[in-house]
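Trainee: sequence? don't have it. structure:
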Ligand SMILES: C[S@@+](CC[C@H](N)C(=O)[O-])C[C@H]1O[C@@H](n2cnc3c(N)ncnc32)[C@H](O)[C@@H]1O
């Protein structure tokens with residue numbers, strides 16, 4: 001049981017707090033009811049407003065949002081009662097999120113096992129990007145001196161991208177790859193030089209220290225994570241291990257590419273556009289480029305610019 005849980009239990013045990021929570025909810029509901037009533041009063045009393053479509057639509061939307069909020073609050077009230085209403089809501093939501101993430105990870109492994117038997121499009125996804133394009137992107141951001149660069153490849157498959165870095169002069173001890181599927185990790189180890197490190201891991205829980213990598217590659221991974229909480233967790237974890245002036249280069253299928261996929265693949269993938277990436281990597285600048293079938297994004301922490309670190313590109 002974590003620290004928050006203990007604190008929250010102490011809180012709900014105090015009679016004073018229980019009353020405060022109950023009162024808070026009550027007054028919230030009262031306020032919302034009053035606001036809805038005021039809005040309706042204004043609407044009914046003025047003919048010109050009833051004829052103003054924009055006004056009516058906005059009012060309807062406001063009232064609908066209020067009702068949603070009330071229904072949502074009532075759901076929580078029924079589920080755990082007044083007593084634990086506010087304090088434990090966050091905790092319960094967090095537990096539910098973690099449960100969903102666990103299930104999503106189990107689903108992903110099963111899906112990959114099945115997919116490996118029937119589809120090689122999946123494993124040739126890197127072909128959609130092209131080596132030349134990657135080198136160009138790296139040099140646009142000042143990462144063309146490979147011997148200085150530390151690289152993490154997320155969803156590294158057989159490690160071929162990392163071997164290309166090594167061929168280009170990168171030091172193997174600065175290269176690491178993770179994949180969540182152990183036969184793939186074994187294959188990557190067998191095919192690569194000893195110094196490169198490969199781990200069987202999920203990208204939302206990495207064993208690396210903060211800001212370890214200059215470049216993080218992630219090709220054809222996020223697009224299969226259907227659970228939004230897990231995608232967000234992956235985003236946060238990658239930003240943690242990315243150096244302040246580092247870059248994440250990621251490519252994923254776009255929404256229009258999804259319409260051309262086989263159904264068994266389309267139902268287990270989502271198209272990712274700039275909009276979704278902004279959500280996953282807050283406080284970052286993102287350069288998004290549409291390539292055939294996929295979107296290539298380069299993601300940087302905004303901190304790199306505000307601190308005046310000299311990064312090229314864009
Ligand atoms: C489409 S393949 C691309 C492989 C490689 N990145 C490339 O460009 O050639 C995706 C790889 O990511 C791995 N993968 C997919 N989803 C993952 C996830 N959520 N966590 C870790 N690895 C994942 C798969 O096992 C597979 O090796």
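Mentor: Nice, thanks for sending it over. Keep in mind the model is a prediction, meaning the values are calculated, not measured.
Trainee: which residue packs closest to residue 172, ignoring adjacent ones?
Mentor: Of all residues not flanking residue 172 in the chain, residue 195 sits nearest, at 2.8 Å (C-beta to C-beta, 6 or more residues apart in numbering). C-betas here are computed from N, CA, C, even on glycine.
Trainee: got it, and residue 66?
Mentor: Residue 66 sits nearest to residue 32 (C-beta to C-beta, 6+ apart), 4.6 Å away.
Trainee: cool, residue 166 as well?
Mentor: residue 172 (5.6 Å).
Trainee: just to revisit the earlier point, what sits against the residue nearest to residue 66?
Mentor: 66, 69-70 (C-beta atoms under 8 Å, 6 or more residues apart in numbering).
Trainee: is the ligand contacted by stretch 198-214?
Mentor: Yes. For stretch 198-214, a contact with the ligand is found by C-beta under 6 Å from any ligand atom, at 202-203.
Trainee: how long is that stretch end to end?
Mentor: Start-to-end span of stretch 198-214 (C-alpha to C-alpha, to the nearest Å) is 17 Å.
Trainee: before we move on, the earlier item: distance check, the residue nearest to residue 66 against residue 72.
Mentor: According to C-beta to C-beta, to the nearest Å, residue 32 stands 12 Å off from residue 72.
Trainee: Look at the residue nearest to residue 166 and report its pLDDT.
Mentor: Turning to residue 172, the model gives it a pLDDT of 95.
Trainee: got a list of what it touches?
Mentor: 166, 192-196.
Trainee: Could you find the lowest-pLDDT member of those?
Mentor: residue 193 (82).
Trainee: Surely it and residue 166 touch.
Mentor: Yes. Residue 193 is within contact range of residue 166, at 6.2 Å (criterion: C-beta atoms under 8 Å).
Trainee: Looking at those two, which has the bigger crowd around it?
Mentor: Using other C-beta atoms under 10 Å as the criterion, residue 193 and residue 166 rank with residue 166 on top: 19 against 12.
Trainee: Let me know the helix or strand that that one is in.
Mentor: Residue 166 is part of helix 160-167, with elements assigned from DSSP states H and E.
Trainee: And residue 30, how far from residue 109?
Mentor: Residue 30 is 49 Å from residue 109, by C-beta to C-beta.
Trainee: now swap in residue 252 and tell me
Mentor: 20 Å.
Trainee: more crowded one of the two?
Mentor: Per other C-beta under 10 Å, whichever of residue 252 and residue 109 has more neighbours is residue 252, with 27 against 13.
Trainee: That one: helix or strand, and which one exactly?
Mentor: In the assignment (DSSP H and E), residue 252 maps to strand 242-253.
Trainee: hmm, that strand in reach of the ligand?
Mentor: No. If you take C-beta under 6 Å from any ligand atom as the test, strand 242-253 misses the ligand, and the best it gets is 7.8 Å.
Trainee: Does anything pack onto the helix holding residue 166? Which helices or strands?
Mentor: strand 151-154, strand 175-179 (3 or more C-beta pairs under 8 Å, 6 or more residues apart in numbering; DSSP states H and E).
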